[in-house]
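> 3D, please:
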Amino acid sequence: MNNLDLKYCPSTLKEGFESFSPLALLRLFNGKKISHYLPFSLNSPAESTFKIQRISISGVQEKVSLLLDKHKLRLVEVSEHGQYILKPIPSSRFKAVEEIPANEHLTMQIARQVYKIETAENTMMFFPDNQPAYLTKRFDYHSDTTKLIVEDFATLAGKSSIKGGSSMKYEGSYEDMAMLVKKYVVAYSIEMEKLFRLVLFNYLFSNGDAHLKNFSLIESLNGDMILAPAYDLLCTRLHVNDDDMATADGLFSDDFETESFKANAFYTYDDFMCFSSKIGINEKRAKQIITFFQKDYLLIHQLIKHSFLSEESKIVYTNLYFDKLRRLNYLYSKH
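Sure, this is the predicted structure:
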C-alpha cells in the first residue's frame, strides 16, 4: 500500500510539511524525529492488549496505551506507565464513524490555535494500512516520572458509576460544575474564566459529550489544583443527533431558564451572559470573552480545509459551526 501524500503537518495542520513539523515534534515527542506511521497494525497480536472503555461517542473505541522508546512509539508492558493514549476508529454504528479521529484532532486544534484554550497535545497517526488514529499525550505526569493528582468533575461531585450507573456523568448542570471549581480551587476566578471559555467552545462546536468526566482538575507544580488541559473535544453532532449540552440540566441549576431560552428553546448571547453572572465572572470580562467567540476567524476555515475529514464532512462541520455562531450572536434583549 502506498504511503499517504501529506501536505500538512499531521499535528498542527500547518502547510508545507510531509510529516511532523519541528514544533509538533518538540511538543509531542521532546524533539525526537518520529514517523507519523505507527510501527504496528490493528491486526497484530498487540490488538489483544487494547483496553476498551465505553464512554459515549468519544470513547466507544479501543484505547491503547503507548510510550516513546528511543525513536518509536510502542505498546506499554506490565508495570510501565503510558505516555500517550491512542484511539483508533471505533467499532460502532455512528454516522461517519471512520472520521471520529480526524474530528477530535481538528476540534482540539481549533480550540488551541484559534481560542487559545490549553489542550492536551495531540496529533493524527496512521497504521501501516493508512487507517487513521488519534494520539494524545498524557498530561498527568511531570517529567514523565512524577504522577500529578488529577480528579475529574464526577469524582469531585461524589458521583460514581456504582451509585448512579453510566448516566451519572451527565447529571447536573454547568453551573454545578462551576461551583466545584469554586470549592476546590484557591485561585478560582482565573480557572472560572477558563471553564467559561471551554463551555462556550463546546457549545459553538456542537460537543454534546462534554460531561462531568470530560472536565478535570489537576495538581499544579506548586501543589494547587487548577483546571486540567482540555481533552476529548469533538463535534459530536457530526456523528449522532445529540443535545446541545451534555449535562442533563444544561447551563443552569434549579430548572432556571432565561426569558431568551423560554422564547427560543436554544441558548443565545443572553444565556451565556446570565451564566457568567451566576458563576461570578465580571460583566465586562464576560462580554469580552463572548465577543471573542462571536467572531468568525479565517484560521478556523483553514484548519477545517487542512484537516483529515472528508470533503462532505468538512461541509457539515462548517455548517454546524455557523448555526451555533448565529445562535451565539442572537440578542433577545438589549444589554
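> going forward, measure contacts and count neighbours with C-alpha atoms only.
Noted.
> surely Leu227 and Ile218 touch.
Yes: under the criterion of C-alpha atoms under 8 Å, Leu227 lies in contact with Ile218, with a separation of 6.1 Å.
> can you pull out the strands in the stretch 51-200 of the chain?
For the stretch 51-200 of the chain, the strands defined by DSSP state E, counting those that start in this stretch occupy 51-53, 61-69, 72-75, 84-88, 122-126, 132-137, 141-142, 146-147, 150-152.
> and Lys182, how many neighbours?
By the measure other C-alpha atoms under 10 Å, the count of residues near Lys182 is 17.
> show me the contacts for Glu175.
Residues in contact with Glu175 (C-alpha atoms under 8 Å, 6 or more residues apart in numbering) are Leu251, Phe252, Ser253, Phe275, Lys278, Ile279.
> and the buried ones among those, selectable in PyMOL?
Provided next is the PyMOL selection string for whichever of the contacts of Glu175 are buried by 16 or more other C-alpha atoms under 10 Å:
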select buried, resi 251+252+275+279
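> could the contacts of Glu175 go into TSV alongside distance to Lys213?
Rendered in TSV, the data for those read as follows (distance: C-alpha to C-alpha, whole Å):
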residue	distance to Lys213
Leu251	16
Phe252	18
Ser253	18
Phe275	21
Lys278	22
Ile279	20
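> now the contacts of Glu175 in CSV, with secondary structure?
Formatted as CSV, the contacts of Glu175 follow (DSSP: H, G, I helix; E, B strand; the rest coil):
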residue, secondary structure
Leu251, coil
Phe252, coil
Ser253, coil
Phe275, helix
Lys278, helix
Ile279, coil
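> quick check, nearest of the contacts of Glu175 to Leu135?
Top of the list for closeness to Leu135, among these and by C-alpha to C-alpha, is Leu251 at 30.5 Å.
> what does Gly223 show for phi and psi?
According to degrees, to the nearest 10, the main-chain angles of Gly223 amount to phi 90, psi 0.
> can you say which of the strands of the stretch 51-200 of the chain is nearest to Glu99?
Taking C-alpha to C-alpha as the measure, the strands of the stretch 51-200 of the chain were each checked against Glu99, and strand 132-137 came out nearest at 8.4 Å.
> tell me the strands beside the closest one, with direction?
strand 84-88 (antiparallel), strand 122-126 (antiparallel) (DSSP bridges).
> neighbouring contacts of it?
With C-alpha under 8 Å, 6+ apart as the test, strand 132-137 has contacts from 28, 83-89, 101-102, 104-105, 120-127.
> picking that back up, which one of Leu227 and Ile218 has more residues nearby?
The neighbour comparison of Leu227 against Ile218 (other C-alpha under 10 Å) goes to Leu227, with 23 against 20.
> thinking again about what came up before, need the winner for burial among the strands paired with strand 132-137.
Of all the strands paired with strand 132-137, strand 122-126 has the most neighbours on average by mean count of other C-alpha atoms under 10 Å, namely a mean of 25.
> any idea how far that strand is from the chain center?
Distance of strand 122-126 from its chain centroid, counting by C-alpha atoms, centre = their mean, to the nearest Å, is 14 Å.
> just use 28 as the starting number from now, easier for me
Noted, 28 is the first residue going forward, which turns the last one into strand 149-153.
> re earlier: okay, the strands paired with strand 159-164 in CSV with distance to Gly43 next?
Formatted as CSV, the entries for the strands paired with strand 159-164 read as follows, by distance: least, C-alpha to C-alpha, whole Å:
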stretch, distance to Gly43
strand 111-115, 25
strand 149-153, 16
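> now the helices for the stretch 228-362 of the chain?
Here the stretch 228-362 of the chain has its helices, by DSSP state H, counting those that start in this stretch, at 286-291, 296-305, 310-321, 325-333, 338-355.
> wait, which of those is closest to Asn268?
Nearest of these (C-alpha to C-alpha): helix 338-355, 11.7 Å.
> so for the closest one, what's the average pLDDT?
Average pLDDT, helix 338-355: 98.
> do stretch 109-127 as well
Regarding stretch 109-127, the rounded mean pLDDT is 92.
> ends of that stretch, how far apart?
Between the start and the finish of stretch 109-127 there is a gap of 22 Å, counting by C-alpha to C-alpha, to the nearest Å.
> can you pull the buried residues of that stretch?
109-117, 121, 124-127.
> which residues touch the residue most central in space within the chain?
Using C-alpha atoms, centre = their mean, the residue of the chain that lies closest to the mean C-alpha position is Leu260, 2.0 Å off. With contact set as C-alpha under 8 Å, 6+ apart, Leu260 has these partners: Glu131, Thr134, Met135, Asn229, Asn234, Ala237.
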